[in-house]
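> Fold the following and give me the result.
(2 chains)
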Amino acid sequence: MKTFYVNARYLIVPLMTVATILGIFVGNNFVWLGVILFGFNTIIDTLTKDIHLRADFDESGNSYGIKKFQYAVMYFMLPTFVLLQVILAWRIFQYTSSTPFEFYSLLGIGYQSGISGLNLIGATLSAGLWAGLGIIYGHELSHNRKEGFFISRLIMSLSGASHFTYAHVYNHHLDLGHEDDPATAPRGRNVYHHAWLSHVGQSKYSFDLERDKLKKHKKSFFSLSNKWIIGYLYSLPSIILFVWAGGIVGILSLLVVWVISNFLLEALNFMGHYGLIREHGKPVEHRHSWDNDNLFTSWFFIEIGRQGDHHVRGETYFWELDDVDAPNYGIGYFSLFVLTLIPPLFRSFTKKLLEDWDQNKATEAERKIAAQIGNL
Amino acid sequence: MFNLFNKKRKDFTARVNNSGIEFSIKKGKNLLTAALEENIQWPHKCRVGSCGSCKYKLIKGKISPDIDFSYVLSFEELNDGYALACQSSLRSDIEIEVTLKNNRREK
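Down below sits the predicted model:
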């Protein structure tokens, strides 16, 4: 029973993504289901902010997590996200070809053909939000072996962000906490500015990484071994699909999906390390990441909020990550995300937390850097 | 092809030639994790293959790199048989050289 509970609790995103796909398929006002679920999750996350659980191990210290099951779920998310794009493209095609509004049934599921402009906006927002939330699988798989890493690249490429997989492992995990890491947000930066700087900075890092690697192997930059170029080519099928489905409307819709999903990805990076400081050359420790580990956030985001443990034991499976007394926002990602959208509110919320970090967690050298930066 | 369905992996042994330490690596574990579980003071920092601190020289045996080492190791190091312990899955018993913090297990 415990094994079932520990493994099944991480199925919220797969189930809600499938529900979002079904909503877009059924049509009419159901296309907004993805947006409604996002709002519903924000409420649940806020209500469960004070419930914090530890990782579950049996008496011999073995995790209840079943690796094969969790990996099968993560791999299954790739075709799920492809289907999410295909179903949105199908709706765009119906909109641009003025398909008449009629009712049909497929495999016992009734659906309305044709879509209004307003509902197409709803379908696009739903798809963007769930493509973005699903990026948590791209992150988890980026830390795994060959095929997992490759699937991570494919999942990220559905959001036009295949550079993330390399930048996350080789840049963020090595350089977090100082200015060499575009994904770490310094004090005073807001999430909107960070999203842009982090996205471009990580892509630039991945570009430089490939350039240096190819130079080392005496190969041309324009080579099939260039993962930066190949990664972006993985996004071509999405572009072709949306152009074919709706021309300009299709491209605009895909652009909205990519902007939303990349914004959510960078918001997670923003929240993960905002304002925390690490001295150059010093090891990454628990105090260099913020934990968001209330019940709903932990289950929904497959423990990605246990950043403190993740950054010290990067090879550890998500279901084994635990509370390590890292700095903690005390609220979940959904609630915190709402605060980040209003920068003055976010800064006022984090001011006391950062003061506490400076006084009680930072080293003398980190405190000195903090004093130079100011910007609380 | 897919590790998920690969059931042929088994336990192997690593011998550190320059210290005489020998330890076993259970299936599914990488070289660094196995060494740290044996309380061997293997240098490491990031544990995800980005810092290069856990590099070692493979003298004998086969390993399977979990990631592309060429982002972190130099061309000369790759040619000399260096690899990253945190990203090495064993395919046979191996003999290696590595500079440990202490040439012994910590108690």
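> where do the strands sit along chain B?
B:12-16, B:22-25, B:55-60, B:63-65, B:82-84, B:88-90, B:94-97 (DSSP state E).
> Tabulate those (TSV), appending distance to A:Glu285.
Where C-beta positions appear, they are placed from N, C-alpha and C, glycine not excepted. Formatted as TSV, these follow (distance: least, CB to CB, whole Å):
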stretch	distance to A:Glu285
strand B:12-16	27
strand B:22-25	27
strand B:55-60	22
strand B:63-65	28
strand B:82-84	21
strand B:88-90	25
strand B:94-97	28
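> For the ones you listed, give me a markdown table that also has mean pLDDT.
Output for these, formatted as a markdown table (pLDDT from 0 to 100):
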| stretch | mean pLDDT |
| --- | --- |
| strand B:12-16 | 95 |
| strand B:22-25 | 95 |
| strand B:55-60 | 97 |
| strand B:63-65 | 93 |
| strand B:82-84 | 97 |
| strand B:88-90 | 94 |
| strand B:94-97 | 96 |
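> out of these, which comes closest to chain A?
Nearest to chain A, of all those, is strand B:88-90, at 7.4 Å by CB to the nearest CB.
> before we move on, the earlier item: columns mean neighbour count and distance to chain A on top of the strands of chain B, output as JSON lines?
JSON lines is the format used below for the strands of chain B (neighbours: other CB atoms under 10 Å in any protein chain shown; distance: least, CB to the nearest CB, whole Å):
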{"stretch": "strand B:12-16", "mean neighbour count": "20", "distance to chain A": "17"}
{"stretch": "strand B:22-25", "mean neighbour count": "16", "distance to chain A": "14"}
{"stretch": "strand B:55-60", "mean neighbour count": "18", "distance to chain A": "14"}
{"stretch": "strand B:63-65", "mean neighbour count": "17", "distance to chain A": "9"}
{"stretch": "strand B:82-84", "mean neighbour count": "24", "distance to chain A": "12"}
{"stretch": "strand B:88-90", "mean neighbour count": "23", "distance to chain A": "7"}
{"stretch": "strand B:94-97", "mean neighbour count": "18", "distance to chain A": "18"}
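> And those strands: which comes nearest A:Leu354?
Evaluated with CB to CB, the strands of chain B place strand B:82-84 nearest to A:Leu354, the distance being 34.8 Å.
> Give the pairing partners of the closest one; include direction for each.
strand B:55-60 (antiparallel) (DSSP bridges).
> which parts of chain B sit against chain A?
Within chain B, the residues that sit near chain A (CB under 8 Å from any CB of the partner chain) are B:1-4, B:30, B:33, B:45-51, B:66-67, B:70-72, B:74-75, B:86, B:89.
> which residue does chain A bring closest to chain B?
Nearest residue of chain A to chain B: A:Gly314, at 3.7 Å (CB to the nearest CB).
> For chain A, what is the nearest residue in chain B?
Taking CB to the nearest CB as the measure, chain B has B:Val48 as its residue closest to chain A, at 3.7 Å.
> mind listing what the closest residue to that residue other than its chain neighbours touches?
Of all residues not flanking B:Val48 in the chain, A:Gly314 sits nearest, at 3.7 Å (CB to CB, 6 or more residues apart in numbering or on different chains). Each residue near A:Gly314 by CB atoms under 8 Å, 6 or more residues apart in numbering or on different chains is listed here: A:His143, A:His173, B:Cys46, B:Arg47, B:Val48.
> And the contacts of stretch A:332-345?
The contact list for stretch A:332-345 (CB under 8 Å, 6+ apart) reads A:41-42, A:44-46, A:48-49, A:190-192, A:264, A:267-268, A:270-271, A:292, A:294, A:296-297, A:300-301, A:305, A:329, A:346, A:349.
> What ranges does chain B have for its helices?
B:31-37, B:75-79 (DSSP state H).
> now the last one: how far from the chain's centre is it?
What it means is helix B:75-79. 16 Å (CA atoms, centre = their mean, to the nearest Å).
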